[in-house]
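Enquirer: Only the shape, not the letters, is given here:
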């Protein structure tokens, strides 16, 4: 059974892509009413363009039981060789964390999850115990208010330089990575911070949401987020791809065009740095 | 329509209780197999003893679609005058936070939720916009590893005393409380920290999990967590009540006895300090 990192690497190579598409169905924006049908069309239009898909659980929970049904249908529509990240930012302690890990990995069957590590290592361990799955620790969010708590300056308990809180989260995540299954979530809207975090965690996969609708710079954030081989970054777009068109007849084509553009813009940058895909 | 704080106050007075019972169904521990039946029996046995119920969503999600059905049945079984806290520690940004708030308040209909405020004020605002609902910010967890990130010492951006990160969370939560609908979650296992937090937030409701199975001291944490009137603390027990007995014929009675003991021990302390319930 391949690990998440192996799946990610294989899908990225096969599709020559660092693009992750976020499957965040919003009935107010969708050109067709049925969520499963919408997602299926998006997946069919983009499955040769992505390194991963990322359904965000909030959008499905907001739809009640029908949303859960739609998520189940969506997961079935994704080709099995493309890794699927359950973006739920779950975080709790003890037996609750165990229950969430079971829900995400065994019940839903995600290949990877996003988690909130506020509870510390023992709150993340039930997820880490799934060695072949991926666990992406939410490190730096892409929203305007991210600075409020994440940038608070921390004095190191054992001496050394002071650092913002989010860097401590990255350092902690690297420490927890004894099974090679830990990664990070860092918003594309803060490329300088992303660069520092990549230096702290040179080999870990980083999910980078916030390009497109949130207007994080694709160029800057991709360059800041890749590892030295030009890999291990999942640059994630949701609204910018899903709602590129609003005509029920042509929205899959529009999504395909938007995804192609994002992927190709990143690949030009990789080529420019001799980090392009093997031919 | 009463606010969460009004509902909490009324239920606490009516039942003379600061006890919240956590409805965390664990098939490995339940004396009967059916979750909805189990919860219904627990609720019937304790609804005159509690100030609130707190289903923890992780336990339901771990059961898949059947868990969602069981949660729906459970919510129907709770008398409408008892406030229900959806313990889900959700936290995300922008339109995802809006989706989660809609899911918790409109789809599930919880009177109150627990949230993770790592994303800062704009990540919590979609919840706060429901003025008549309660929003409890996870401030200090009750697990052994809580200290790892929550105790990191922060240098204040505008000068003043350094404080641990969790105190900044409390200070931020107090600042966000412009509609009187914000509270905190602080583990019973850290009564000294709880006392400091109560001083920082003298009027906000505090949910205090971790008595019972997690062995937080009931006496110390209750005294540290109440406000000056001896109210506004929800001392939460789950396993210690739910699994007090394991005989299918008598487990509701055992749960009732355990809940009564916890409530009465707290009431003795309130009486001792002339903070008892009006007769």
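Expert: Looks like it arrived, so ask away. In this text, all values refer to a predicted model and were calculated from it rather than measured experimentally.
Enquirer: ok, now which ones touch residue A:86?
Expert: Contact analysis of residue A:86 by Cβ atoms under 8 Å, 6 or more residues apart in numbering or on different chains lists A:55, A:57, A:104, A:108, A:110, A:112-114. Where C-beta positions appear, they are placed from N, C-alpha and C, glycine not excepted.
Enquirer: For these, give me a markdown table that also has secondary structure.
Expert: Below are the contacts of residue A:86 laid out as a markdown table (DSSP: H, G, I helix; E, B strand; the rest coil):
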| residue | secondary structure |
| --- | --- |
| A:55 | strand |
| A:57 | helix |
| A:104 | helix |
| A:108 | coil |
| A:110 | coil |
| A:112 | strand |
| A:113 | strand |
| A:114 | strand |
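Enquirer: Pipe those into TSV and attach pLDDT, distance to residue A:29 and neighbour count per row.
Expert: TSV is the format used below for the contacts of residue A:86 (pLDDT from 0 to 100; distance: Cβ to Cβ, whole Å; neighbours: other Cβ atoms under 10 Å in any protein chain shown):
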residue	pLDDT	distance to residue A:29	neighbour count
A:55	98	16	26
A:57	98	18	29
A:104	98	26	26
A:108	98	24	20
A:110	98	24	25
A:112	98	26	29
A:113	98	25	26
A:114	98	22	27
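Enquirer: a markdown table for the residues you listed, including distance to chain B?
Expert: Formatted as a markdown table, the entries for the contacts of residue A:86 read as follows, by distance: Cβ to the nearest Cβ, whole Å:
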| residue | distance to chain B |
| --- | --- |
| A:55 | 11 |
| A:57 | 9 |
| A:104 | 8 |
| A:108 | 8 |
| A:110 | 12 |
| A:112 | 16 |
| A:113 | 12 |
| A:114 | 9 |
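Enquirer: ok, those vs residue A:246, which is closest?
Expert: For these, the closest approach to residue A:246 (Cβ to Cβ) belongs to residue A:55, at 21.0 Å.
Enquirer: Just list the residues touching the closest residue in space to the closest one that isn't next to it in sequence, thanks.
Expert: Taking Cβ to Cβ, 6 or more residues apart in numbering or on different chains, and ignoring the residues beside it in sequence, residue A:55 has residue A:23 as its nearest neighbour in space, at 4.3 Å. Under the criterion of Cβ under 8 Å, 6+ apart, the neighbours of residue A:23 are A:39, A:42-43, A:53-56, A:74, A:238, A:242.
Enquirer: Also residue A:240?
Expert: Contacts here follow Cβ under 8 Å, 6+ apart; on that basis residue A:240 touches A:211-213, A:258, A:262.
Enquirer: So for the helix or strand where it lies, mean pLDDT?
Expert: Counting by DSSP states H and E, the element that carries residue A:240 is helix A:239-242. Averaging the model's pLDDT scores along helix A:239-242 yields 96.
Enquirer: Tell me the secondary structure at the residue nearest to the spatial centre of chain A.
Expert: The centre of chain A sits closest to residue A:207, judged by Cα atoms, centre = their mean, with a distance of 3.9 Å. Using three-state DSSP, the three-state assignment for residue A:207 comes out as strand.
Enquirer: Need phi/psi at residue A:64.
Expert: Torsion angles at residue A:64 (phi, psi; degrees, to the nearest 10) stand at phi 70, psi -160.
Enquirer: Next one, pLDDT for it please.
Expert: Note on residue A:64: pLDDT of 95.
Enquirer: what does the one 3 residues further on give?
Expert: You'll see residue A:67 listed with a pLDDT of 97.
Enquirer: correct me, but residue A:152 touches residue B:157?
Expert: Yes - checked against Cβ atoms under 8 Å, the pair residue A:152 and residue B:157 is within contact range at 7.3 Å.
Enquirer: who has more neighbours, the two?
Expert: A side-by-side neighbour count of residue A:152 and residue B:157, using other Cβ atoms under 10 Å in any protein chain shown, places residue A:152 first with 22 against 11.
Enquirer: element containing the closest residue to that one other than its chain neighbours, please.
Expert: Ranked by Cβ to Cβ, 6+ apart and with sequence neighbours excluded, the top spatial neighbour of residue A:152 is residue B:154, at 4.5 Å. For residue B:154, the host element (DSSP H and E) is strand B:153-155.
Enquirer: what's next to that strand, contact-wise?
Expert: For strand B:153-155, contacts defined as Cβ under 8 Å, 6+ apart pick out A:152-155, A:157, A:162, A:165, B:162-165, B:168.
Enquirer: Can you verify residue A:199 is assigned to a strand?
Expert: No - applying three-state DSSP, one finds residue A:199 to be helix, outside a strand.
Enquirer: And residue A:252, what's its pLDDT?
Expert: Model confidence at residue A:252, expressed as pLDDT, equals 98.
Enquirer: With residue A:210 instead?
Expert: In the predicted model, residue A:210 carries a pLDDT score of 89.
Enquirer: So it sits against residue A:189, correct?
Expert: Yes - counting by Cβ under 8 Å, a contact exists between residue A:210 and residue A:189, whose distance comes to 4.7 Å.
Enquirer: and the strand holding residue B:154, average pLDDT?
Expert: For strand B:153-155, the per-residue pLDDT values average out at 92.
Enquirer: Pairing partners for the next helix or strand along the chain from that strand, with directions?
Expert: Next in sequence after strand B:153-155, counting helices and strands by DSSP H and E, comes strand B:163-164. Sheet pairing of strand B:163-164 (DSSP bridges) gives strand B:153-155 (antiparallel).
Enquirer: in the strand it pairs with, what counts as buried?
Expert: Across strand B:153-155, burial judged by 16 or more other Cβ atoms under 10 Å in any protein chain shown covers B:153-154.
Enquirer: For chain A, which segments count as helices?
Expert: If you assign secondary structure with DSSP state H, the helices in chain A sit at A:4-15, A:35-46, A:57-61, A:65-77, A:94-101, A:121-128, A:147-150, A:165-175, A:191-200, A:218-225, A:239-242, A:251-272.
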